[in-house]
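Trainee: 3D, please:
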Amino acid sequence: MRIVFLLRATLAVTAMRIVDGFAVAGVLPHCSPTASIVMQHGGKGFGGGEATRDPEPTDYDPSDPKGKQQAIHKAESFAEYLAKRGTASESPAAVPAPAAAAIADVATRISAAQSAALQCLVSANNMYASPPMVVPLDSGAVARVTPFIPEEPKRDSIELGLEASRALATERQAAAPKGEVSWCSSLDAGDHFSLTAWNSPQVYVPHLYWSAAVVDGGSSLALAVDFRPRAEAGYETRLPDGSYPEPTDRQMFMQGSTRKELADAFFTPEAEEWSTTLRTAAGATSAPTPTIPQAPVAGPLLVDVVMPLTEAAVDAACAACEGAVARYLAWMAAAERLDQRRTMMVFAHDSKVRATCLAASTAALQARFGAEAGHTLALADSGPLDIADRGSAQNAAATTNFDASEKDQSVQDMMQVGLDQRGAHM
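Mentor: Reported below is the predicted structural model:
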């Protein structure tokens, strides 16, 4: 018999709820296959009668609990047992596939967690909703991308009129200052969810990504969480024991210094423990096909796993969303603005990261939803290349950050999105 213990636990990290409902495999008790069977009392029963495996049932008073407990009840015959055993062996019970209603319940729970986390993120950074992108899918369902930007969309003062324009200007002056999140978006495709936040280059806080999706025909749940570093740190060279190769050139020394800086500020031992907990939640195993690119995207807290679709897995996905956003917001609340030199360096790195992420997202969404729908969703979810508050020096950094081999279709797509976005506001 396989014994499974469900460990219900709530882990606290600062002021956030972490994963609960982990499934922990139990240990089977040791049994000896050669244990001897000893017949006692000369094969006789305790009363001296012939021992039997099929005793006659006894009469008892149904209103007497003690008598009912001590009575011998009628058992099934050996022939009945063999017949039942034969039927069971000939027609083993198949494991039922998750019902559509069960998957819909999973989607409702994950969507609620995503919406709550998104609301916290948007409110904390004073962001404004842009018109959502609704994309019909081949399944007959629709996917929705809801983007948020750091400034209220501009409105034509001529259409508003003089008084309304003055009132709007006064309202904007009294509004809270603009946050440092340049783009935030949520994707809800019914059984595929994601939440993305790209920061401005004025802060060093890692970008945020979370996703959860029902996969393997409804039998598994894929979970991904990543905090994307703002500089080259060589995390893809990490060895199985958690260490890194000894530096042999200037670039490796610089990457080691960057890793130390990021570990002191963000990727602390406590944060590493948090991500390790997620990687082992609810029977999780590493995703067979990575969903997040390594260099130059993934950070050391990367979670990219697949779990059996259970209550514990849904709890893990929801808590991962809540915990990741809470951690990210704590970092953003303490962020300090970078100087111009660091801002340019961060922007140049971000340009490469965003292009790489767009290429990976396009491939993954096209594989799931088809070429046209996947491409449209990826573009809408990734946001424009024009992130907020960049100047001509940062433009130059972006255009010179790619060599000839890296100027692929993904970069061209990102640049086209930027051109489209600029054209829409001209």
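Trainee: Tally up the residues packed near the spatially closest residue to Phe369 that is not a sequence neighbour, please.
Mentor: Nearest-residue entry for Phe369: Leu137, 5.6 Å, with adjacent residues in sequence omitted and distances by Cβ to Cβ, 6 or more residues apart in numbering. (Glycine included, C-beta is placed from N, CA and C.) Burial of Leu137 is recorded as 17 neighbouring residues (other Cβ atoms under 10 Å).
Trainee: my guess is Leu137 contacts Ala143, does it?
Mentor: Yes - with contacts counted by Cβ atoms under 8 Å, Leu137 reaches Ala143, the gap being 5.8 Å.
Trainee: can you list residues touching both of these two?
Mentor: Counting by Cβ atoms under 8 Å, 6 or more residues apart in numbering, the residues touching both Leu137 and Ala143 are Ala189, Gly190, Phe369, Ala373.
Trainee: Where does pLDDT dip in the stretch 151-300 of the chain?
Mentor: Counting by pLDDT under 70, the low-confidence segments of the stretch 151-300 of the chain come to 152-178.
Trainee: Then the stretch 1-150 of the chain?
Mentor: Residue ranges of the stretch 1-150 of the chain with pLDDT under 70: 1-58, 60, 62-103.
Trainee: 50 instead?
Mentor: Low-confidence segments of the stretch 1-150 of the chain, defined by pLDDT under 50, are located at 1-47, 51-53, 88-97.
Trainee: that older thread, would you mind giving both backbone torsions of the residue nearest to Phe369?
Mentor: phi -110, psi 160 (degrees, to the nearest 10).
Trainee: Leu358 versus that one, what's the distance?
Mentor: When distances are taken as Cβ to Cβ, to the nearest Å, Leu137 and Leu358 turn out to be 20 Å apart.
Trainee: Turn the shared contacts of Leu137 and Ala143 into JSON lines, columns for distance to Gln202 and secondary structure.
Mentor: Compiled in JSON lines, the shared contacts of Leu137 and Ala143 are given as follows (distance: Cβ to Cβ, whole Å; DSSP: H, G, I helix; E, B strand; the rest coil):
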{"residue": "Ala189", "distance to Gln202": "32", "secondary structure": "coil"}
{"residue": "Gly190", "distance to Gln202": "36", "secondary structure": "coil"}
{"residue": "Phe369", "distance to Gln202": "35", "secondary structure": "helix"}
{"residue": "Ala373", "distance to Gln202": "35", "secondary structure": "helix"}
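Trainee: In those residues, find the pair that's most separated.
Mentor: Pairwise distances across the shared contacts of Leu137 and Ala143 (Cβ to Cβ) peak at 12.4 Å, for the pair Gly190 and Ala373.
Trainee: who's in contact with stretch 119-127?
Mentor: With contacts defined as Cβ under 8 Å, 6+ apart, stretch 119-127 is touched by 129, 148-150, 175-181, 184, 195, 197, 208, 325-326, 328-329, 332-333.
Trainee: Any buried residues in that stretch, and which?
Mentor: Buried positions in stretch 119-127, judged by neighbour count with 16 or more other Cβ atoms under 10 Å: Leu121, Val122, Ala124, Asn125, Met127.
Trainee: before we move on, what about stretch 198-217?
Mentor: Applying 16+ other Cβ under 10 Å to stretch 198-217 flags 198-215 as buried.
Trainee: I'd like to know which of those residues are part of strands.
Mentor: Trp198, Asn199, His207, Leu208, Tyr209, Trp210, Ser211, Ala212, Ala213, Val214, Val215 (DSSP state E).
Trainee: List the beta-bridge partners for the second one.
Mentor: The bridge-partner assignment for Asn199, based on DSSP bridges, gives Val181.
Trainee: One more: the last one?
Mentor: The bridge-partner assignment for Val215, based on DSSP bridges, gives Ser220.
Trainee: Please tabulate the buried residues of stretch 119-127 in a markdown table, including the columns secondary structure and distance to Pro288.
Mentor: Compiled in a markdown table, these are given as follows (DSSP: H, G, I helix; E, B strand; the rest coil; distance: Cβ to Cβ, whole Å):
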| residue | secondary structure | distance to Pro288 |
| --- | --- | --- |
| Leu121 | helix | 30 |
| Val122 | helix | 34 |
| Ala124 | helix | 36 |
| Asn125 | coil | 35 |
| Met127 | coil | 36 |
